[in-house]
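Enquirer: sequence plus predicted model, see below.
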Amino acid sequence: MNAMISGQAGVALLIDGMELSSLHADRMEEVVSRQPAEIPYLLGDARDLQFLEGVEVAEVGCRLDLATTQMDALHLALILLDPTLAEDTRRTAAEELEEVLVIPEVSGFVAAVLYAHPIPRDGDLIGAELSCTARTDRVRRFLQNLTGLQSTIAEVRMAWEQIPTAAFGTETDRACALSVAVREGLFRDLVRLRKEHASRAEFRRNHRGSDFSRVGNHGKILDAWLSYLSPDRGSRARQKPRARVIVHGQRQIGGWVREEDRRPGSRQRGPAKSRGPSED
Amino acid sequence: MHDGSCELCRHEVPLERNSCPHCGRPGLFPNVRAASAPDERAALDRRYRAALQDAAVRGCGSRVADFERAVAGSKAVMARPLREVDRLAASDQELVSTFYKMLAADVRLPHGNQWDYWRRVADEALFPGYKEEIRFAALSLGGSGLPSYGECSLVLREEMIAHRASVFEENSTVFLKSHGFELPSGRRATWADRAKLCVAKLAGQIAANTAPEQLRSLLLSSGPTSGTDRFVEVNIWGSLSMRSVERILVPAPRRRRHAFRKELRDRLWGLGVALQETS
């Protein structure tokens, strides 16, 4: 059977030949028979659809449970960051988030999303940390890391925004690539590696088999993204100015060690435009 | 206005209009005007008096009087899924739409069965030319709605709907379908006359030994499908938002986290709406 899962809606749609049924996160023990006309109402406006082929109900149940827990965790994190909500509500969110952050796939997912964009001005990191209790050490550490990484998150995001749309194809392709990059944790990993002064080769290696490698032109997109983060991007940009290069982007230097720089005697600097991802 | 002419300019106003086409006077509600028509009122009054007379003969006049007093304070309740409540609680910009407006906006599909046809014919018979503007609710004594339409019950503020709501005997599509889409008089009432309609419809089911707690389920009870639900339908002309709601009854969370419920409570509090958890 095939399945379509949404953690946002908490629903899995099961497709077995012409038979349609659904599985719900809040009552996993029951498979409900469905008509095609019901599909839009089951999934609502969910935008986190996963498609599974050749799966059994038990596996769909496990995947749905994980997807729903991931979305719950993200929602809890957003409640925690929301200064308009009551202190009691935010404290409850911290305690419930603590329970699910222990699951690596869940903590990884929350970081994948929250490391993809700096916390907006109306997000309250300080209040979120103050809402933590003695029972929420894991959440406190997560928030402290998130706070400490805000400038790096901003640099990585800004570098992404500088990639010309032509590298993606269209604006729609760009939005799609961003969605995959966030979901697959590219932002998260790039933020961490940049903070740790790790190599770009390691970053590329980690994501070679990910869904991002199915994005059209992914090699050039990664090249461009990394180039806007490299220490000498400024000098290259001055040699050959591009419309999308902005002054702020040139200040995103530091903290990144290029693979070439680690090779003895290497003299090559700046973004290697002719190099593809396979050469790393 | 009861004779169909505008109070300001005295010209005739077509029934489906919500403002005078001649002088622009706004604030007319076609469903309320239809329920206020003299023949409707007279027919309802006849049914009501016959029901009271019958109750007196059966020796249950006082029980029916209890019922009438209770339903005079009944509320209009809309049942909605929790995700819809979350959406409406998000901000003042979120509104309750209607089936036809959502179809027109291409944000939902029809059911794809015969009910689409029956519903359209029934709505056009009952709300000619303005069915797109009617929101549906049910009369309730305890605040609970019909689970067929969602697990949350939104109890509407009387002062926000009394001037633009009318009530109908039962599920209007089911009723009209069973009457060959002919609309007999005396089956609808203004909001102020809702108790009269309830007595006319239900007094025959009340006996001298009917317990007070049974009166609640007499007014509203859910069947195995939405087509078998028993209730008095409330038809409300125009927009509704969370500001139109006085409280919401939601089931205790199962898988959903307590923080989500508290978040909803906080957001509703900001809109002046109370959240009440049911078992």
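Expert: Alright, I've got the coordinates.
Enquirer: residues near residue 11, how many?
Expert: I went with chain A, as the question did not name one. Residues within reach of A:Val11, counting by other Cβ atoms under 10 Å in any protein chain shown, total 24. Just so you know, the C-beta spots here come from the backbone N, C-alpha and C atoms, and that holds for glycine as well.
Enquirer: hmm, no, I was thinking of chain B.
Expert: That count, for B:His11 with other Cβ under 10 Å as the rule, works out to 12.
Enquirer: residues contacting it?
Expert: Contacts of B:His11 were listed using Cβ atoms under 8 Å, 6 or more residues apart in numbering or on different chains, and they are B:Ser5, B:Cys20, B:His22, B:Cys23.
Enquirer: which ones among the residues you listed are found in helices?
Expert: If you go by DSSP state H, the contacts of B:His11 have nothing in helices.
Enquirer: of those residues, which is the most crowded?
Expert: For the contacts of B:His11, the largest neighbour count, defined by other Cβ under 10 Å, is 22 neighbours, found at B:Cys20.
Enquirer: ok, and the closest non-adjacent residue to it?
Expert: Nearest in space to B:Cys20, with sequence neighbours left out and distances taken as Cβ to Cβ, 6 or more residues apart in numbering or on different chains, is B:Cys6 at 4.2 Å.
Enquirer: what about the one you found, distance to B:Glu16?
Expert: When Cβ to Cβ, to the nearest Å is applied, the distance between B:Cys6 and B:Glu16 equals 14 Å.
Enquirer: who's more crowded, these two?
Expert: With neighbours defined as other Cβ under 10 Å, B:Cys6 and B:Glu16 compare such that B:Cys6 has more, 19 against 15.
Enquirer: what ranges do the strands span in the stretch 51-200 of chain B?
Expert: Ranges of strands in the stretch 51-200 of chain B, per DSSP state E, counting those that start in this stretch, are B:75-80, B:134-140, B:152-156, B:165-168, B:188-190.
Enquirer: for these, which one sits closest to B:Met242?
Expert: Shortest separation from B:Met242 across the strands of the stretch 51-200 of chain B is recorded for strand B:152-156, at 8.5 Å, computed as Cβ to Cβ.
Enquirer: any idea how many residues pack against A:Asp26?
Expert: By other Cβ under 10 Å, the burial measure for A:Asp26, its neighbour count, is 12.
Enquirer: typed the wrong thing, it's A:Phe51
Expert: A:Phe51 has 10 neighbours, counted by other Cβ under 10 Å.
Enquirer: would it count as being in a strand?
Expert: Yes: using DSSP: H, G, I helix; E, B strand; the rest coil, the secondary structure at A:Phe51 is a strand.
Enquirer: now do it, the pLDDT please.
Expert: We have a pLDDT of 90 for A:Phe51.
Enquirer: in contact with it, which residues?
Expert: In this structure, A:Phe51 makes contact with A:Asn2, A:Ala3, A:Met4, judged by Cβ under 8 Å, 6+ apart.
Enquirer: measure B:Val64 to B:Leu197 for me?
Expert: Summarising the geometry, the distance separating B:Val64 from B:Leu197, computed by Cβ to Cβ, is 14 Å.
Enquirer: and if you look at B:Arg25?
Expert: When Cβ to Cβ is applied, the distance between B:Arg25 and B:Leu197 equals 28 Å.
Enquirer: swap in A:Ile39?
Expert: The separation that A:Ile39 has from B:Leu197, given Cβ to Cβ, amounts to 38 Å.
Enquirer: so for these two, which residue has more residues nearby?
Expert: In this view A:Ile39 and B:Leu197 are compared by other Cβ under 10 Å, and B:Leu197 has more residues nearby, 25 against 16.
Enquirer: which residue packs closest to that one, ignoring adjacent ones?
Expert: Counting by Cβ to Cβ, 6+ apart, B:Leu197 lies nearest to B:Ala189, which is 4.1 Å off, once chain neighbours are set aside.
Enquirer: for A:Asp137, which non-adjacent residue is spatially closest?
Expert: For A:Asp137, ignoring the flanking residues on the chain, the nearest one in space by Cβ to Cβ, 6+ apart is A:Glu98 at 7.7 Å.
Enquirer: helices or strands up against the one helix or strand the one you found maps to?
Expert: Assigning secondary structure by DSSP states H and E places A:Glu98 in helix A:87-101. Using 3 or more Cβ pairs under 8 Å, 6 or more residues apart in numbering or on different chains; DSSP states H and E as the contact criterion, the elements in contact with helix A:87-101 are helix A:57-80, helix A:104-114, helix A:125-130, helix A:137-148, helix B:258-270.
Enquirer: check contacts around B:Arg279.
Expert: In this structure residue B:279 is Ser, not Arg. Contacts here follow Cβ under 8 Å, 6+ apart; on that basis B:Ser279 touches B:Pro251, B:Ala252.
Enquirer: where does it land on pLDDT?
Expert: The pLDDT attached to B:Ser279 in the predicted structure is 72.
Enquirer: and it, how far from chain A?
Expert: Distance, B:Ser279 to chain A, using Cβ to the nearest Cβ, to the nearest Å: 16 Å.
Enquirer: A:Ile5 - that's part of a strand, no?
Expert: Yes: following the definition three-state DSSP, A:Ile5 is counted among the residues of a strand.
Enquirer: tell me how far it lies from chain B.
Expert: According to Cβ to the nearest Cβ, A:Ile5 and chain B sit 15 Å apart.
Enquirer: quick check: closest non-adjacent residue to the closest residue to chain A within the stretch 1-150 of chain B.
Expert: Of all residues in the stretch 1-150 of chain B, B:Gly112 sits closest to chain A, with a separation of 3.9 Å (Cβ to the nearest Cβ). The shortest distance from B:Gly112 to any residue that is not its chain neighbour, by Cβ to Cβ, 6+ apart, is 3.9 Å, and that residue is A:Ala37.
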